[in-house]
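**Q** What shape does this take:
(4 chains)
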There are 2 protein chains.
Amino acid sequence: MLDDRKLAVLRAIVEDYVATEEPVGSKALVERHALGVSPATIRNEMAALEEEGFIAQPHTSAGRIPTDKGYRLFVDRLSGVKPLTPAEQRAIHRFLDGSVDLDDVVDRTVRLLAQLTRQVAVVQYPSLSRSKVRHIELLALTPSRIMIVLITTNGRVEQRVVDCPGPVSEVLLGDLRSRLNATVTGIGLAETPEALAELSLAFVPEDRPPVAAIVTTLLETLAERRDERIALGGTANLTRFSSDFPGMVVPVLEALEEQVVLLRLLGEASDPTELTVRIGRENQGEEFAAASVVSVGYGDGDTAVAKLGVLGPTRMDYPGTMGAVRAVARYVGRILAEA
Amino acid sequence: MLDDRKLAVLRAIVEDYVATEEPVGSKALVERHALGVSPATIRNEMAALEEEGFIAQPHTSAGRIPTDKGYRLFVDRLSGVKPLTPAEQRAIHRFLDGSVDLDDVVDRTVRLLAQLTRQVAVVQYPSLSRSKVRHIELLALTPSRIMIVLITTNGRVEQRVVDCPGPVSEVLLGDLRSRLNATVTGIGLAETPEALAELSLAFVPEDRPPVAAIVTTLLETLAERRDERIALGGTANLTRFSSDFPGMVVPVLEALEEQVVLLRLLGEASDPTELTVRIGRENQGEEFAAASVVSVGYGDGDTAVAKLGVLGPTRMDYPGTMGAVRAVARYVGRILAEA
DNA sequence: ACTTGGCACTCGATCTGCGGGAGTGCCAGC
DNA sequence: GCTGGCACTCCCGCAGATCGAGTGCCAAGT
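**A** Numbering: from 1, shown residues only, chains lettered A, B, ... in the order given. Below is the predicted model of the structure:
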């Protein structure tokens, strides 16, 4: 049913279509690829491939273009991941080394990905929920306004201001600070609520209201920020593909400004260390019917803390894009592990 | 030379062209505006206006469209700043209240501006250099790796990691922390270098290398971040104007991804509390020949700490856009002052 | 049984020519 | 100085003709 030659033809169609952006016909195929048979034979194979839904004609008497199903088969069975050229490798290093803090790393990564793949790049900030508390600092702006600064192991810093009911003494603040740090330092953020629940009981009753206010806000911060932040770049590349998204550029751009949509695009994929490719309608949302997303998790060391990826037209260079995404994710992970 | 009627005609041309996006002819003008004269008279006035360079014809026997010079006259003398509707006012409040931290304020502001004006929004982060130090925290990750956390009065938090030559005792760290805070808290960041120059001399010689390392990094942080960060939003709106930027959408989008270009667009304008309008080629860069930028400074209280604005086609609704930009800037300023 | 060359056919893309319409500039008259 | 009239210009949209790439099918060859 799917003999080797059919697969070879499909591969050739995908590659040619990606390269030329034009429906590819039987004659062009035998000319550009050494298939060893005549156009007529290819036409028969193509008819079969169309029958099974791997390719389609935009209109009668035009060449064929791959369908989502065709691309799917291509990435699953016909293509590998193209390693980057040494020049590209060097570009990654040059670009990412010298990042000064987490924001900077994310910022540079998103630019780098956009530049490397010439597509839209999406990078999720390392998540709070999967990281650990490194330090908590309490800071009295006024006697009753307390600023909480939360520093996590992956370099993120969160801050929040609390208005306490009544003044808080420096002594109490110092006490609370050391207890907080003793309690939560080094444990995962996800476990903090239980750990902090009993904390206010350790204080004398008259100190409990301000302590409770501070702890509550701290917990809120952790919970709130579980909805992640996402950086986006290279949207200019999208307009280069306006022909691929007939009339869809605006909806796509609008959708991309919604964090929620971006999160969904990066996906809650099964194994986050594995490259994920979502093709066309495999993505949620009608506006992404002609788009593919290549994403992968990245992290410091072995556990993935967030995802990054690129979005482009279904007609994209999958091997190259996958190679770039994977290489960038690995290098970012290494940088995070060092910091 | 520029009598009242000519000005009225120019105003009518600008308003009609902005509304319809089509060159406006003499007949349409007298129909839509009560000018009290005949088309023929208007034609004479238009010929004069064209002579002086305020309007132009895209081609012979077409209507007129305003030139950059025409728009300039319009915003300088013919139009005011349109106040927002109560509904829009409420939208601003609803959107910006409930911001949790500085990043969040900037993020919401840029979305709000984009939505309100339906154009590309640009918001500069409140600058470090014009703010003051609220607190400096030092934190030993390992005995010789020190994290510096810098909190400014406008809510920005910067962090940096320093590798010191040899271990730093907790006592020394505490000492340095209190001295640092005593020295720099409350003074402008711009003055910190002088204030910190002598600091290491207060320590015994064997402690000076780590102290110097930390102080140096701290100073670097202040200096580095003087190149500002900028948030961008509503790029989708740009594509709605692709007809206004024939073939220029991609260059513009690419330019907008360069921080440097954005900074230049917001401009080092004279009086930052004043609304600034840059029309067409008044902007630096060939790609912005068909774009206008409306910007204004904003700040906590009376001093402007950064700028924000929008970018759109020269054919934009200047009074409305100016109103929206001004209103948002004021409200953001108020929020920053509260925090 | 598969492959091949030939052939008629389809259909989008491109070019052409041809009004229609909007708008202008100018002029003569009020 | 304003107005109506008029000839002129040029863009835009439409219909038809042409072109060419590509297909499907069939009969013949290996």
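
**Q** shaky segments in the stretch 1-150 of chain A?
**A** For the stretch 1-150 of chain A, the stretches flagged by pLDDT under 70 are A:1, A:128-130.

**Q** try the stretch 151-300 of chain A
**A** A:224-227, A:269-270.

**Q** Against DNA strand D, how distant is the nearest residue to residue A:202 once chain neighbours are set aside?
**A** Leaving aside its chain neighbours, residue A:202 sits nearest to residue A:179 (6.7 Å; criterion: Cβ to Cβ, 6 or more residues apart in numbering or on different chains). Where you see a C-beta, it was placed from the backbone N, CA and C, and this is true even at glycine. Residue A:179 is 74 Å from DNA strand D, where distance means Cβ to the nearest atom of the strand, to the nearest Å.

**Q** before we move on, which element is residue A:179 in?
**A** helix A:170-184 (DSSP states H and E).

**Q** So for the helix or strand following that helix, what gets flagged as buried?
**A** As assigned by DSSP H and E, the chain's next helix or strand after helix A:170-184 is helix A:192-197. Buried residues in helix A:192-197, defined by neighbour count with 16 or more other Cβ atoms under 10 Å in any protein chain shown: A:192, A:196.

**Q** Likewise for stretch A:235-255?
**A** A:235-242, A:244-245, A:248-250, A:252-255.

**Q** Can you give me the end-to-end span of that stretch?
**A** Stretch A:235-255 has an end-to-end distance of 12 Å (criterion: Cα to Cα, to the nearest Å).

**Q** Next one: it, is it in contact with chain B?
**A** Yes. Stretch A:235-255 is in contact with chain B by Cβ under 8 Å from any Cβ of the partner chain, via A:235-236, A:239-240, A:242, A:249-250, A:253-254.

**Q** show me what contacts the closest residue to residue A:30 other than its chain neighbours?
**A** Once flanking residues are discounted, residue A:30 sits nearest to residue A:39: 5.4 Å by Cβ to Cβ, 6+ apart. Contacts for residue A:39 (Cβ atoms under 8 Å, 6 or more residues apart in numbering or on different chains) come out as A:26-27, A:29-30.

**Q** Would you mind listing which of the residues you listed are buried?
**A** Applying 16+ other Cβ under 10 Å to the contacts of residue A:39 flags A:26, A:29-30 as buried.

**Q** In a strand, residue A:137, correct?
**A** Yes. Assessed by DSSP: H, G, I helix; E, B strand; the rest coil, residue A:137 belongs to a strand.

**Q** Neighbours of the residue nearest to residue A:202, how many?
**A** 17 (other Cβ atoms under 10 Å in any protein chain shown).

**Q** Might one say that it is in contact with residue A:199?
**A** Yes. Here residue A:179 reaches residue A:199: they are 6.5 Å apart, a contact under Cβ atoms under 8 Å.

**Q** how close does the closest residue to residue A:290 other than its chain neighbours sit to residue B:116?
**A** In this structure, residue A:290 finds its nearest non-sequential neighbour in residue A:245, 5.3 Å apart by Cβ to Cβ, 6+ apart. Residue A:245 sits 27 Å away from residue B:116, going by Cβ to Cβ, to the nearest Å.

**Q** How about residue A:191?
**A** Taking Cβ to Cβ, one finds residue A:191 at 42 Å from residue B:116.
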